[in-house]
Structures are given as structure tokens and as C-alpha cells.
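Q: For reference, the sequence and a predicted model appear below.
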Amino acid sequence: MAGSLNYRAVLITRIQDLLSDKDRERLCFLLGKDTPEMMPENCSISETSRVLESLLEKGIISNQDYDSVIQAFTNIHCYDAVKRVKVYRTNQACKTQRSVSLQEILLQDSAEATIAHTITICDPSESKMDTQPSSPFLHTIANHEMLTNTSISVKTKKQENITQSRCKNRAFKGPLNIRSQILVGVIVLGVMSLPFVIVLSKKYIERTLKLKQATKLINIGWNHYTAAEYSKAIENYAAAVSIRMQILPKSHPDFAITYNYIGLAYNSLGKYSTALEYYQKALPILQKTVPVLHSHLAMTFNNIGSAYSALGDHSRALENHQKALVVQEKALPASHPDIATTNNNIGSVYYHMGEHSRALEIQTNALGIREKTLAADHPDIATSHSKIGVLYSEMGDHSKALEYQNKALSIRQRILPTDHPDIADSYNNIGLVYSSIGDQSRALENHQKALNIQHKTLPEFHPSLADSYNNIAGVYHHMGNHPRALQNHHKAFGIRKKILPADHPDIANSYNNIGLVYSSIGDQPRALENQKKALSVRQKILPALHPDLATSYSNIAGVYHHMSDHTKALEYAKKALGIRQKTLPAFHPSLASSYSNIAGVYHHMGDDTSALEYEEKALGIRQKILPVFHPDLANSYDSIGVIYSRMGDQSRALENHKKALDIQEKTLPAFHPNLAGSYNNIARVYYRMGDYSRALESHQKALDIRLKTLPPFHQDLADSYNNIAGVYHRMGNHVIALEYEEKALGIQERTLPPFHPHLSGSYNNIALVYSRVGDQPRALEKHKKALDIQERTLPAFHPDLATSYHNIAAVYYHMDDYSRALEYEEKALGIQEKILPASHPDLATNYNGIAVIYSSMGDQSRALENHQKAIDIQQKTLPVFHPDLASSYNNIGLIYSIMGNQSRALENHQKALNIRQKTLPAFHLDVADSYNKIAEIYDLMDDYPRALESHQKALDIRLKSLPPLHLDLVDSYNSIASVYFSMGDQSRALENYQKALVVKKKTFSASHPSLAMTYNKICSVYSEMGDYSKALEYGKKAIGIWRKTLPASHWNIVVGYNNIGFLYWKLGKHSSAFKNYAKSGEIEEKTVSPNYGYLARLYDKMRVLYEGLGKEASAHEYRKKALEMEQKSKLVKA
């Protein structure tokens, strides 16, 4: 590299021999004392020397080379040479063309007076030429993602002069005496004017030194700018302006150029308004001092457009970029690279306006221009490929995005050093595409490559390093590795805090990103704190209607949504929507996002009608502006599917989820995480439709994708295990359900803090399984673990707390502790009433729960009152055929049945059945449940044939929909057996009880209380059939289990001993009979609240039996006991 620079330094010396005196002076001034040292510091000179080297070595230049020659000499301030080349090209255009060497053009003789005259008339900026900064590029950045490589060339105004070499070789041709006279005159004049000349020379030298100092400051400023030291850059630019103010008029074009430089530095500091001020200072100067089609005007319009774009005013941005384009189209050839650059800027504005198709069209045109006029490996062609790649990624065409980003990388790898920052940019862009398609490992690999290059080539605190850390954090976030995500976001934040002002937009972005990670790990207070910091920064530096403010409001709404503060979530989501409606086109994708966010809040508030309205608005926009297979359309279909499912319309829910899946299967890799999400959504619909095998199949597909693409302890895997457990639980396979729940819990305990809210969800799920299998103590233990976590981490009125209280109430209910059950259910209701609208469906669930408890406590009037409150809410908020209404009609039917009003009970159960038949598949389990309840009413009305008919319908559905060992089948077999028993058909009763027993034996442990219940039923049937030995066998099995599993004073044990006593009596084993009757009485007398009525009847029966045996003493004793119990029973009733 050093050798190449020395060679080019020699080359510069060769070129100097071909230049005019003025050009040589300008070049020497530009280079300073040490040419080899200056060249690596100034990319313009280095690049120019490379171009001139190739042209000198080429020998001859062609028509295609003229633009390169002109640009090269302009870059090194050799304006006379520029003029010479232009004049030669113009003259040759009228003649027969021939190829000549560069040396020949520069040495050719023509009318110097004409050239000099042209300079005087056309170039008012001659005095500024010695003050131009060395770097010829102004880098305007409208948006980090779209304009990372956008650059607008700052072309110095070309000056023409007479070439030095030509002047050197010319001689006076007049007579000798004339020459002598002239020589004498010059000498005399010189002597006479010497003092004046000395004064002028001194002033000229002082002026030149000051201007040279200003130029040096600008070069230093540029070096600071490229090193991302923007404040130091501004400091040097301002010092240069101050010096020039002492020498040059305020309207001098040099001020316009420097103001543009200052604007760029302020732009990089995120002070877009200040940047705009400086660009607008530059514009009037240029409009007064340069021709209307001058390139500096186009440059300034472009910079103004970029500032407006950064400020979110895209219409003004577009207006200014188009002004730049008008200038360039009139002044430049149609395929000039500067036109491509401006097209890029216009394309970027359309990108931000959400018009991705127009943006792509314009960016493609820019690429076309560059491919026609630039070398195939030119960096600007790489830039165009990169921009087009970003657009394709945004449009959801990730394969094309990857193709274009790889093209950009390929060019950069061919022409740049292996550790060049632009190669790092390409790796970052490729990483972003891989992340979008769900390939996080390859995304991380590419971002890491970028970071490694940047560590080698950039300062320790360069903003590009912060960007790479940010990208790596984003990948870790997607991978569920939140600690690493947070660590990398903090690294990015540390760099930004070190080099940027406290109110820079990138500081706001860091707060925003950190907030998103905290939200993902369930730390909503810290998430909210960071999102509000981001908002505060943006409110200080951005206009009140800037789109980034809308982003902050939207993120804050998301946090409040996670905190279940739906009122505040809605408030902030609507603030975001308000800004977007005022500043964006009617069909902008960000508007669709706002509508979708608001729909989500309404959905969680229970207002599914409003949710559907907003989600369909979002879908309408996306259908208008996006390709038919864009991922955002899939998101809309999925969201609409979720709402329809909640509204009970499972067929439309399934239709929308399948549309989403169809798009994703066509556009995403086979194992993309979004596919897993769609399979889960479809599974949930099948679950609600009662099609558990299909639900399980879809959840399994989701799990398979996640197992292949995610780390082994990712939270989404835990989510899949929970989903599968839920289906197995509903199918009655509680052992497998528990296995999957424990897998989920294992992941969460390994990866989450000990009091993370997700752990509480897993504990609750495991508890539900324990409760279902009858292990209420363990269920209670797990529910209380969940509650402990929630009470430590959640606000006092969080809905998850209400859910836990409701779950605990259910366990106490199953343990027959109704007072504790009521206490917890009322706690749940208190929270829900505090945070939910008065007509929210979740309140109906709580009222129903309280009603069930009151019913079991025997207070049917209060039970009916609460069920009525529930149904009133549901009738206001749900469609007329919603499944939840069916459940409420069933609940009311049960209360009327307990109250003895079977006709009203039947009426409500029929209403429930009617809704379910209209909204559910024919073999849905809820339909079976309705048939079962109607059968029970007919049974109570002694209409056994109808009871049997309805029970049989329920059984038929369950046999088709459930696995052969499901406990709901047990329920049907027991119910049918009970009806046959009432009809006196004991053999069929026994047959059905035995079927129930087979299922239970295969499902439960040998000592499960549920087995005892069936043994007891079979005991009753055998007793009714007169087979007392068999009856005794089953009676003993029942009481054996109860003694192991129930408290010693449990009513089932009391009744069990009574039944065994009866059977012994029937078998003639009187002593055993009396012994068991006595045990029954003793146990009941020791309970806290003995059933004196039962004891009175038991002791009276024993009296009768003793009298029959002639044992008067014992009969007398039990007569007294019976009377005593009867007295106590009367006192209790009184």
C-alpha cells in the first residue's frame, strides 16, 4: 500500500508538469508539504490519482473517458485543466473524431483570451477555489436503514484557466525594439510601484494564510466527521466560518458549502431541525451566486429533503428531492450517477411513506443508471443492490432480499479490503434478512462477522459498533436468550451515551430496545421506565407529530397491555394512531399496525365487536398495499381468526387461520417460527370445536418446528409443551398431560428468575391436572406457589391474580370447603370489578363461580341471582348463539332443578342445547354435555325412557370424540346405569357400572377415591339383586379405599359402615352387622357437627333389630340413644 502511494505521489509530480501555473498552485496548496502523507488521509486525492494513473498509462482517451477526466481534475482543484478538456471535447464534436492522449489535450494550443474571458463571465466563484475541503462527498442520512450509504457528491465549481505548460512554451513574436521598449517600461513601472506592490503582497499573503487555515480547519472537521466525532467536526467548521467571515462577503459560495457540512454533522447528532437551519442558510447563498442548474443547488435541495424526511415531513422531503432532480435532469446527461443518487433519496422517502412498490421502482431505476455509467464493481452499484434488498425484505420477499444483499457483498468483497466497514454493513444487512426468515443462527453469524470487522477498523466508540451490538441483541431476543439480548443492548447504549448527546434519537432507540426486552422477561415496570425515557428524548427533539413519537406511544401501550391496564393501553395506542392518521398516507403500513394494536386491546377488554372492526381496518390497508402473500397479511388473518374464535364462530376462525398458514407456507422456510404460531392457532380452534386429535396434531407440528429451530430451553418450547398438556388433559390422559406440564416447568425454572410470572402459569397448569385426577392437596400447593409469585411481582389488581384466586376457590370447592371457596372467588371478583368494564365477559365467569358455590352451600336463591348477573352481561356483549350463553343457561337450569322446578330447568337446558347445535360440530363434547343434563332432568321427572334416550345420545358423541379411557365415558356409563337401576333393570345397570369400572381401573391408582364410588354403586346393584355376598365384597372395597384416602370422620365412611352392617344382617351375620352399625354411629357422633337425624334413624333401626333377636336390654339402650339424638336434631333445627 505504501509503495502504491509513493508511486502516485510521483504521478502527481508528472501531472504538475502538464498544468497551468494557477492549477499547479492550487494543487500544491491542496496537497501541502507532504504528498505521500496527504494521499491516504484524503480519499478524493487518492481516488483521483488512481483515475489519472490509468488514463496516463492508457496512452489515449476515448469519448467515454471525458467525464472521468473532468471529475478527476475537479476533485484536485485543477480548473484550468477542466476547462481545457471541456473546450477540446466541444471543438472535437464538430470535427472528425480521433483518439488523443491526455498529455496532448493539456498541451494543445487555442485561444487563451477566449478561455480567460469565459472564466471571468461565467465563474463568479473563482476566489473560493483555494478554500474547498478535501473530501468531495456529503453523506446525507434520512434513515439509518434505507440511507446508510446514500451520498451526494459536493462538486466544486469548475474553474478554467490557461494551462501553465502552454504559457511556458510561447514567445513574443514582435520586433526586437518593441520588446526592448516593453521590457524597459516594465522595469521602470516596477521600480516606481514597488512600495505599493509590497503592501499588496503582504495583504495577499495574510489573506491567503487565513484562507489556508480555514481550509485546514474544514479538513480537520471532515476527519472528525468520518470518525463520528460530530461535535468536534462542528467546532472546526464553525472556526473556519469565523475566519472566512473576516475575509469573504457573507454571500460567498464557500459559506454555503460549509453550512452544508455543518448541517451534516448536526444531522448525525440527531439535531435534524438545526441541520435543516444550516441547509436553508446555504440555499439562498447558492441561489444568488451560482447558475440555476449548478450541482451545489441540487446537493443542497437533497440535503434539505433528507432533513425533512428525518423530521417525518415526507411531503416536504419529496418536494425538495424532486427540486434536486429537476436541476440534475436539465444539467446532466440522463444516465448521470448523480441522478441515480437523487432517485435513491426519492425512493427512500416513498419507503417511509409506505409506498414500497414505488420505492422499489425508483431504486431499480437508480440501479439501472449506475449500471450503465459505472464500472460493474463500483461501490454505488453495491449501495443500490443493498437498498433494493432492504425494500424486498420489507415487502416480505426475503429470498430476493437475500439475493440483492449478497450481490452488494460480492461487489464490496471484490473491490474493498477484507476489513472495510462497508463489508461489515453488508454482513449486518444479510443478518437482518436471516433473522426475518427465522434463521437466527445464520443471522447471528453474519452480525458477528460485521462486529469483528468493525472492531478491527473503527474507533472503540463508533456508532456503527453500537448498531452491530443492537442487531446481535435483536437476534438473542428472538432466540429467547434475554440476558444476552440485554447485555448487547447495554453495550450499544454505552457507546451511544459516550459519543452522542443525551437527546439523540439513537439514545431513544436504545431505551426502546431495552424496554422491549424487559417486557419480554415480564419486568413491566422497568420496561415502562425505559419506554418513557425513549418518549421523553423524542418529545424534546422531534416535532409533535413525528412518526417516532407514535412508535413510543405504541410501545408504551404494549407495556400497559401486558400489565393488563387496558384503559391506559388504549389511550396510548390511540395517541399513536392519531399521529399516524395526521402524518401518513391513508394506506400506510404503520396505520395498519396501529389499528391492529387497538384491536388487540379491545379483544382483551372483551369488546370483540370493536376488536374485529379495527382488525379488519388493518387488513383492508394491507390488502391494498402489500403483495398477496406478504407476512403482514398472514398476521391480520391470524388476529381475525383469534377474535372469531373468542366470539364462538370457530368455522370462520379456522378459515382465517388457514389463510394465514397458506401465506406462510408459500413465503417462509419450512421451519420458520411464524408457522409454529399458525399451527398453534389452528390447534386452539380444533380444541374449541372438540376435535382433540386434530388439535394435538397441529400443536405437535408447532412443537416439531420449535425443536428444530430454537435452543433447547427457549420459552416458546415451554409454551408448546403447555399447549399439548392442555389437550391431553381435556382428553382425560392426565398422566401424559402432567409429563408435558413438567417439561414446560423445567424449562422455565432453568431460564427464568425464581419469581417470574411465566412460572406461575406453569404451576397453575400443573395444579389443574392434579385437581382433575382428584389430588386436591397437591393441586392447592401448586396454585398457592403460583399465587405467591404473582403477589410478589404483579400489581394488587392484576387479572392473573384473579385467575389464581379463582383456581384456588375451585380446589376448595372440590374439597367441600365451601366457605373458603367463596372467600377466594369473591377476591377474584373484587379484582375483576376493579379493572374491567361492567359488562366484561370475565365478570360473568366470576359470577357463575360464586353461584356454583352458593348452590352447593344450599343457598339456591343467591346462586340464581349470581347466574342471572352472568347471563345479563353475556346477553349484552356476546352474539345470541355464543357458547358461553349456553353454559349460563345450563347453570340456571341446574339451580331450577335443585329448587325442584324441573320444567324451568328443562327449558334452560334446551336453550343451551339449541345454541350448541347451531354453533358447534354435531359431535362436540359440549353437545354431549347438554344431552346429559337434559337426561338428568327427565330422570328426576321419572321419564326414564327419555332420560335413557338423551344419555345414549351423549354417550354416542363421547364414544366418537374421546379416547376409550376418557373419564367422560365413565360419567355416561354411570348415568345410564343409574337410569336402568331406577327402571329396575339391574343387569343392565350392572353392565354399565362395570364398563365404568374398567375405565377407572385403567386410569386411576388402585386406591383412588373415584374407584370407591363405583365399587359402592356396584355394591348397591348386587344388593338390589339379592346377591349380598357380592354386594359385601364391593362394599368392603369401597370402604377400604375411603379409609385410606378420606378423613376418618368423612360421611362416605359413615354411610359405608352402615351399608356393610345391612349386608351382614342380610347374610345372617348379626354380630358383624351390629359391629358395623355401631362404628357408623361412633364416627358420626365424633364429628364437629353430627347429623343427629341420621343417628336417630340408625339407632332406632338397631333397636328394632335387637328386639327382633329378643335382646331387650340392647334394644332399650338404643331406644334411649335414638330419643336423645332425635331431641338434639330438633334443637339444631330450632
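A: Perfect, I can see it now.

Q: From now on I want contacts and neighbour counts done on CA atoms only, so please keep to that.
A: Fine.

Q: and A1048, backbone torsions?
A: phi -60, psi -30 (degrees, to the nearest 10).

Q: burial count for it?
A: Burial measure for A1048: 16 neighbouring residues, criterion other Cα atoms under 10 Å.

Q: Would you mind measuring from the closest residue to it other than its chain neighbours to L1063?
A: Closest residue in space to A1048, ignoring its immediate chain neighbours: I1083 at 7.6 Å, by Cα to Cα, 6 or more residues apart in numbering. Distance, I1083 to L1063, using Cα to Cα, to the nearest Å: 19 Å.

Q: okay, those two: which has more neighbours?
A: Between I1083 and L1063, L1063 has the larger neighbour count (other Cα under 10 Å), namely 27 against 17.

Q: The more buried one touches E1033, doesn't it?
A: No - with contact defined as Cα atoms under 8 Å, L1063 does not count as touching E1033 (9.9 Å).

Q: which other helices and strands contact the host helix or strand of E826?
A: Assigned by DSSP states H and E, E826 falls within helix 818-835. Secondary-structure packing of helix 818-835 (3 or more Cα pairs under 8 Å, 6 or more residues apart in numbering; DSSP states H and E): helix 799-814, helix 841-856.

Q: Whatever helix or strand comes next after the last one: which residues count as buried?
A: Next along the chain after helix 841-856, taking DSSP H and E as the criterion, comes helix 860-877. Buried residues in helix 860-877, counted by 16 or more other Cα atoms under 10 Å: 860, 862-871, 873-875, 877.

Q: With stretch 288-306 instead?
A: In stretch 288-306, counting by 16+ other Cα under 10 Å, buried: 289-290, 293-306.

Q: now stretch 357-364
A: For stretch 357-364, the buried set under the neighbour-count rule, 16+ other Cα under 10 Å, comprises S357, R358, A359, L360, I362, Q363, T364.

Q: So which of the residues you listed sit within helices?
A: Under the assignment DSSP state H, those contribute S357, R358, A359, L360, I362, Q363, T364 to helices.

Q: between those, which is nearest Y637?
A: Relative to Y637, the closest of those is S357; by Cα to Cα it sits at 22.4 Å.

Q: pLDDT wise, what is that closest one at?
A: pLDDT recorded at S357 is 87.

Q: number of nearby residues for A676?
A: 23.

Q: ok, Y1015 - contacts?
A: Applying Cα atoms under 8 Å, 6 or more residues apart in numbering, we find Y1015 in contact with L997, Y1034, G1035, K1037, A1038.

Q: how close does it sit to I1041?
A: The value you get for Y1015 to I1041, if Cα to Cα is used, is 10 Å.

Q: what about the protein, any weak spots by pLDDT?
A: Applying pLDDT under 70 to the chain flags residues 1-17, 25-26, 28-64, 91-104, 106-204, 1133-1134.

Q: how does it divide into domains?
A: Each domain of the chain is listed here as a residue range: 2-143+150-169, 202-331, 728-834, per automatic domain parsing.

Q: Please identify which helix or strand holds E697.
A: E697 belongs to helix 692-709, assigned by DSSP H and E.

Q: one step back: want to throw the helices and strands packed on helix 818-835 into TSV with mean neighbour count and distance to H603?
A: Shown next, in TSV, are the helices and strands packed on helix 818-835 (neighbours: other Cα atoms under 10 Å; distance: least, Cα to Cα, whole Å):
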stretch	mean neighbour count	distance to H603
helix 799-814	24	15
helix 841-856	23	11
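
Q: for the helix or strand harbouring F301, packing partners?
A: Secondary-structure element containing F301, defined by DSSP H and E: helix 295-310. Under the contact criterion of 3+ Cα pairs under 8 Å, 6+ apart, helix 295-310 touches strand 152-153, helix 253-268, helix 272-289, helix 314-331, helix 337-352.

Q: Distance to F1004 added to those, as TSV?
A: Formatted as TSV, the helices and strands packed on helix 295-310 follow (distance: least, Cα to Cα, whole Å):
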stretch	distance to F1004
strand 152-153	78
helix 253-268	70
helix 272-289	71
helix 314-331	69
helix 337-352	62
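
Q: Nearest to L967, out of the ones you listed?
A: The minimum distance between L967 and those falls on helix 337-352, with 58.2 Å, by Cα to Cα.

Q: Restrict the closest one to CA atoms and write it as CSV.
A: Extracted as CSV, the C-alpha positions of helix 337-352 are listed here (Å, rounded to 0.1, in the frame of the first residue of the first chain):
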residue,chain,number,x,y,z
PRO,A,337,-24.7,8.9,-11.5
ASP,A,338,-25.9,12.0,-9.5
ILE,A,339,-29.4,11.4,-11.0
ALA,A,340,-29.2,7.9,-9.6
THR,A,341,-28.3,9.2,-6.2
THR,A,342,-31.3,11.6,-6.1
ASN,A,343,-33.5,8.8,-7.3
ASN,A,344,-32.3,6.8,-4.3
ASN,A,345,-33.3,9.6,-2.0
ILE,A,346,-36.7,9.9,-3.5
GLY,A,347,-37.1,6.1,-3.3
SER,A,348,-36.2,6.3,0.4
VAL,A,349,-38.9,8.9,1.0
TYR,A,350,-41.5,6.7,-0.7
TYR,A,351,-40.3,3.8,1.5
HIS,A,352,-41.0,5.9,4.6
